[in-house]
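Asks: quick one: sequence plus predicted model below, questions after.
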Amino acid sequence: MTLLEGAFLIGAGIFAGFVNTVAGGGSLLTLPLLIFLGLPSSEANASNRVAIFAQNIFSVAGFRSKGVRVFPFAIYVAIPAMIGAIIGSKIAVDIDETLFNRILAVIMLMVMGITVFKPKVKTQAEEMLTSKKVWISVIAFFFVGIYGGFIQAGIGFIMIAALTGIHGFRMAKTNAIKVFVALTYTSAALVVFYLSGKIRWEYGLVLATGQALGGWVASRWSVGVSDRVIRMILLVMVVALSIKLWFF
């Protein structure tokens with residue numbers, strides 16, 4: 001990695017960390033950007049997880065410091081997600097590069113549509129933690145893990161929809177569970193990518209540094225900033241990146 005590429009990744013990471021904090025969807029930028037820097041799709045996908053892993057460590061610690069209680073339920077859904085992520089990451093390692101790029105382009109546009117229009121998620125007046133609903137979540141999060149292990153982008157919205165729709169969790173608890181599950185299945189995916197020799201640590205660690213800095217800046221500066229403006233900027237960038245992934 002050249003000095004210019006490192007500076008570019010730091011800048012992209014800062015923007016992605018900022019976007020993740022105020023709107024969501026940072027991986028919609030970082031994953032294709034790693035591909036455009038010349039990394040094969042599987043290596044870009046693997047290296048992007050280093051930044052995601054680091055970001056979720058700090059997120060889990062932050063919720064823990066605020067005393068948000070998510071256990072033992074978080075364990076119940078994290079374990080099947082971890083098993084699913086092993087399957088999904090193995091698929092990501094073996095898939096044809098051109099096919100992966102086109103799948104990513106389609107997913108980017110679909111997730112960006114959800115992110116921009118941001119439908120409201122309804123919650124119940126009380127949390128619903130019956131045995132039946134817990135088992136529904138256990139099954140659902142196995143498939144969430146497969147998707148997360150395979151491509152990651154936009155999975156936050158999927159987990160929020162599942163947790164609020166099935167159990168009626170409020171957003172603080174939903175986000176605390178979400179980041180714990182993401183940390184757990186990302187750990188499993190990283191092991192698969194590492195054993196396959198796909199992680200480019202220099203790219204992943206530089207990107208992680210930028211994202212951490214971007215999140216730190218956004219958490220202090222973004223109060224009062226319209227997230228709709230950020231989402232519209234993100235939309236333009238994602239559409240351009242998707243076109244490049246599909247045709248070039």
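Replies: Everything's here; your move.
Asks: residue 204 versus residue 177, what's the distance?
Replies: 25 Å (Cβ to Cβ, to the nearest Å). Where C-beta positions appear, they are placed from N, C-alpha and C, glycine not excepted.
Asks: number of nearby residues for residue 209?
Replies: Close neighbours of residue 209, defined as other Cβ atoms under 10 Å, add up to 18.
Asks: show me what contacts it?
Replies: 10, 13 (Cβ atoms under 8 Å, 6 or more residues apart in numbering).
Asks: look at the residue found closest to residue 172 once you drop the neighbours it is linked to in the chain and say how many residues are nearby.
Replies: Leaving out its chain neighbours, the residue that sits closest to residue 172 by Cβ to Cβ, 6 or more residues apart in numbering is residue 68, at 5.6 Å. Residue 68 has 15 neighbouring residues, counting by other Cβ under 10 Å.
Asks: and the gap between residue 68 and residue 50?
Replies: Counting by Cβ to Cβ, the gap from residue 68 to residue 50 is 26 Å.
Asks: what is the burial count for the nearest residue to residue 40 once chain neighbours are set aside?
Replies: Sequence neighbours aside, residue 97 is the residue nearest to residue 40 in space, at 6.0 Å (criterion: Cβ to Cβ, 6+ apart). By the measure other Cβ under 10 Å, the count of residues near residue 97 is 13.
Asks: what of residue 110?
Replies: For residue 110, using other Cβ under 10 Å, the count is 13.
Asks: which residues does it contact?
Replies: So residue 110 contacts residue 154 (Cβ under 8 Å, 6+ apart).
Asks: tell me the predicted confidence for residue 189.
Replies: Among the per-residue scores, residue 189 shows a pLDDT of 95.
Asks: next: the one 10 residues further on.
Replies: pLDDT, the model's per-residue confidence, is 94 for residue 199.
Asks: for it, helix, strand, or coil?
Replies: Per DSSP: H, G, I helix; E, B strand; the rest coil, the local secondary structure of residue 199 is coil.
Asks: what about the protein, any weak spots by pLDDT?
Replies: The chain contains residues with pLDDT under 70 at 20-25, 112, 114-126, 216-248.
Asks: show me where it has its helices.
Replies: Listed in chain order, the helices of the chain (DSSP state H) span 3-22, 27-36, 41-65, 73-94, 97-117, 131-150, 155-167, 171-195, 201-221, 227-247.
Asks: and the ones you listed, which is most packed in?
Replies: Most buried of those by mean neighbour count (mean count of other Cβ atoms under 10 Å) is helix 27-36; its value is a mean of 24.
Asks: now do it against helix 41-65, angle only.
Replies: Regarding helix 27-36 and helix 41-65, their directions subtend 150 degrees when assessed with axes from the mean of the first three to the mean of the last three Cα atoms, to 10 degrees.
Asks: tell me what helix 27-36 is packed against?
Replies: On a contact count with 3 or more Cβ pairs under 8 Å, 6 or more residues apart in numbering; DSSP states H and E, helix 27-36 meets helix 3-22, helix 41-65, helix 97-117, helix 201-221, helix 227-247.
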